[in-house]
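In: pasting the sequence and the predicted model now:
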Amino acid sequence: MDDPAARTNSAFGKLERIQQILREFQPDIGPFIEAYKDIHQHPELSGFESRTAEAVAGHLRDIGAVEISTSVGGHGVVGIMRNGDGKTILLRAELDALPIEEQTGLPYASKARMKDREGRDQPVMHACGHDVHIACVLATLQLLRSAAQHWSGTVVAVFQPDEETPTGAQAMIDDGLYPLCPRPDIMLAQHVGMSKAGLVAVRTGPVLPAADYLEITLVSSGPGANPPERPDPVNLAAYLLTRFQAMMATDIGSGTFSSLVCRDLHAGQRGDFFTNRLEMRLEIKTIEASKRDRIFDAIKSITRAECDAIYAGLVRASFQWTPRAPVTLNDTPLAEALQDSFGRHFGDRFWVPPMDIPVEDFSLLSGPEPVPFVYWKLGSTEPDKWDKAVKKGGNILEHLPSNHSPKFAPDAELTISTGMEAMSLATLLFL
């Protein structure tokens, strides 16, 4: 017969043993801070992460007892630490940076520039915290290597390229991530945010929404030989965007989260006197597939109806749907177990966050067969700066830079040490 008290005592005992391991085998964080600064100072755009991948592979060799594979799904790096029988836990970090010009004033600030996939010269900055994630996973592997006599199983560290696009997770799967490494029983990932450094946040259920692109092409035609006499797709597109937002507010309504944003709109070329073709790209974010389908169907119906009503069918519409990222949905039992352990370990440094609205391809690392996972958030803002901003009141974004800002500058030492502690605790808990 199940004994809740005995189960609770067992859980407390396990956490106490893990905490003892963390205290006894915590590595010197200094080398990992230096690794972070080096990667931060030399960022690379999605698809071009060669130097970053080489640096990661070098650090894995320094840690030792790790089987290393490189160039997986592009510049992806995989490190496998085998330590006897037991579960396989996958830890994920990302390699790529963003086309943003850094304005932090840090002594190790990026001055890098490189050409993107379209051949455009771009400034480059780790404005999302992927450099922090790399350092956290490397430090975690060092701790696990030192404490090998206290755990059994396999740890797979995946350093993923192309997360910002996001296409890197699927590319690694397509390039044979499995059976290059054993299929995991559980996957773990963390991501820095703009809350106070030292905080750790885990929620159950949806963490981040799914995102899809819907590209709409409007082409005008007509009996007249003079193109300027044909219907103007630009005016129609402006009206449609207003109709779409009204539809989201009224027809789609409340319930689970959904949003619609126009990410790109192009018509004609500079100097043209007229245009008869327009292309716009909408990003739709949802939690439920049924709501996504309702939004897509409504957009198509509205567009076709307005083409007929306003221009008597002289403007034709075509549609192309492209999935961008799936829902990031934490496994409830695993997330609850981590909430309990993080809550008791971190105390008032732990909290349960609301759902966030960026998107992620982490869940795709499971491949075609779903693998349960937990994805959590790390605070990164220097505590003094955070406390001063809170005292000012109002919207915190008015006072502090968030991810993807040219001024985003995590408290490196506190954030990386906390991230190592959280990732190590979670790995040992599930092993």
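Out: Cool, the structure landed.
In: not counting its neighbours along the chain, what's nearest Phe48?
Out: The spatially closest residue to Phe48, leaving aside those adjacent along the chain, is Met114, at 6.3 Å (C-beta to C-beta, 6 or more residues apart in numbering). Heads up, the C-betas are built off the backbone N, CA and C, glycines and all.
In: that neighbour reaches Leu98, doesn't it?
Out: No. Judged on C-beta atoms under 8 Å, Met114 makes no contact with Leu98 at a distance of 11.8 Å.
In: and for these two, which residues touch both?
Out: Common neighbours of Met114 and Leu98 are listed as Leu45, Val124 (criterion: C-beta atoms under 8 Å, 6 or more residues apart in numbering).
In: okay, those two: which has more neighbours?
Out: Legend: neighbour count by other C-beta atoms under 10 Å for Met114 and Leu98, higher for Leu98 (21 against 15).
In: so what's the more buried one up against?
Out: Taking C-beta under 8 Å, 6+ apart as the test, what Leu98 contacts is Pro43, Leu45, Val124, Met125, His126, Ala127, Cys128, Glu164, His404.
In: make it 6 Å
Out: Met125, Ala127 (C-beta atoms under 6 Å, 6 or more residues apart in numbering).
In: tell me the spacing between it and Met125.
Out: Using C-beta to C-beta, to the nearest Å, we find Leu98 at a distance of 6 Å from Met125.
In: any weak-confidence spans in the stretch 101-250 of the chain?
Out: For the stretch 101-250 of the chain, residues meeting the criterion pLDDT under 70 lie at 222-229.
In: tell me where it has helices.
Out: Under the criterion DSSP state H, counting those that start in this stretch, the stretch 101-250 of the chain carries helices at the ranges 130-146, 168-174, 177-180, 233-247.
In: helix or strand for Arg23, which one?
Out: Applying DSSP states H and E as the criterion places Arg23 in helix 4-25.
In: is Leu278 in contact with Ala238, as I believe?
Out: No. Applying C-beta atoms under 6 Å, one finds Leu278 not in contact with Ala238, separated by 10.0 Å.
In: more neighbours: the two, which one.
Out: Leu278 (23 against 12).
In: burial check on Ile287, number of neighbours?
Out: Neighbours of Ile287 under the rule other C-beta under 10 Å: 19.
In: next one: it from Ser363, what distance?
Out: Per C-beta to C-beta, Ile287 is found 13 Å from Ser363.
In: and of the helices of the stretch 101-250 of the chain, who's closest to Gln19?
Out: Comparison of the helices of the stretch 101-250 of the chain against Gln19 by C-beta to C-beta identifies helix 130-146 as nearest, at 12.7 Å.
In: hmm, who's touching that closest one?
Out: By C-beta under 6 Å, 6+ apart, the residues outside helix 130-146 that reach it are 25, 27, 32, 35-36, 39-40, 59, 63, 65, 91, 93-94, 155, 157, 192, 410, 415-416, 419-420, 423-424.
In: selecting buried members of these in ChimeraX, what would you type?
Out: Of those, the buried ones can be selected in ChimeraX as follows, counting by 16 or more other C-beta atoms under 10 Å:
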select :25,27,32,35,36,39,40,59,63,91,93,94,155,157,192,410,415,416,419,420,423,424
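In: and the chain, what are its domains?
Out: According to automatic domain parsing, the chain comprises the domains 4-207+327-430, 210-325.
In: quickly compare those and say which is most buried.
Out: Greatest average neighbour count among those goes to domain 4-207+327-430 (a mean of 19), per mean count of other C-beta atoms under 10 Å.
In: pLDDT value on the residue nearest to Val390 when sequence neighbours are not counted, please?
Out: Using C-beta to C-beta, 6+ apart and skipping the chain neighbours, the partner closest in space to Val390 is Ile396 (7.0 Å). Predicted confidence (pLDDT) for Ile396: 84.
In: equivalent analysis for the one 10 residues further on, please.
Out: Taken from the predicted model, the pLDDT recorded for Pro406 is 97.
In: quick one, strands of the stretch 151-300 of the chain?
Out: 153-160, 186-192, 200-201, 205-208, 210-220, 258-267, 277-286 (DSSP state E, counting those that start in this stretch).
In: just give me the residue closest to the centre of this protein.
Out: Centroid-nearest residue in the chain: Glu360, 3.7 Å away (criterion: C-alpha atoms, centre = their mean).
In: can I take it that it is in a strand?
Out: No. Looking at Glu360 with DSSP: H, G, I helix; E, B strand; the rest coil, it is coil, so not inside a strand.
In: and Ala157, how close does it get to Gly76?
Out: Counting by C-beta to C-beta - Ala157 and Gly76 are separated by 11 Å.
In: can you check Val371 too?
Out: Separation of Val371 from Gly76 (C-beta to C-beta): 17 Å.
In: Met194 now?
Out: From Met194 across to Gly76, the span is 27 Å (C-beta to C-beta).
In: ok, and the closest non-adjacent residue to Thr418?
Out: Using C-beta to C-beta, 6+ apart and skipping residues adjacent in sequence, the residue nearest Thr418 is Gly198, 5.3 Å away.
In: I should have written Ala139 there, sorry.
Out: Met420 (3.9 Å).
In: for that neighbour, what are its contacts?
Out: By C-beta under 6 Å, 6+ apart, the neighbours of Met420 are Cys136, Ala139, Thr140.
In: sorry, back to before: can you tell me how far the residue nearest to the centre of the chain is from Ala93?
Out: According to C-beta to C-beta, Glu360 stands 13 Å off from Ala93.
In: Ser417 is in what secondary structure piece?
Out: Here Ser417 is assigned to helix 412-430, by DSSP H and E.
In: now that helix, how far from the centre of its chain.
Out: Computed by C-alpha atoms, centre = their mean, to the nearest Å, the chain-centroid distance of helix 412-430 equals 18 Å.
In: give me the angle between that helix and strand 186-192.
Out: 160 degrees (axes from the mean of the first three to the mean of the last three C-alpha atoms, to 10 degrees).
In: put the alpha carbons of helix 412-430 into CSV.
Out: Presented in CSV, the C-alpha positions along helix 412-430 are these (Å, rounded to 0.1, in the frame of the first residue of the first chain):
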residue,chain,number,x,y,z
ALA,A,412,27.4,36.4,-15.8
GLU,A,413,28.7,35.0,-12.6
LEU,A,414,25.4,34.7,-10.7
THR,A,415,23.4,33.6,-13.7
ILE,A,416,25.9,30.9,-14.7
SER,A,417,26.4,29.6,-11.2
THR,A,418,22.6,29.4,-10.7
GLY,A,419,22.1,27.8,-14.0
MET,A,420,24.8,25.1,-13.3
GLU,A,421,23.2,24.5,-9.9
ALA,A,422,19.7,24.1,-11.4
MET,A,423,20.8,21.9,-14.3
SER,A,424,22.9,19.7,-12.1
LEU,A,425,20.1,19.3,-9.5
ALA,A,426,17.6,18.4,-12.2
THR,A,427,19.9,15.9,-13.9
LEU,A,428,20.7,14.1,-10.7
LEU,A,429,17.1,14.2,-9.6
PHE,A,430,15.9,12.4,-12.8
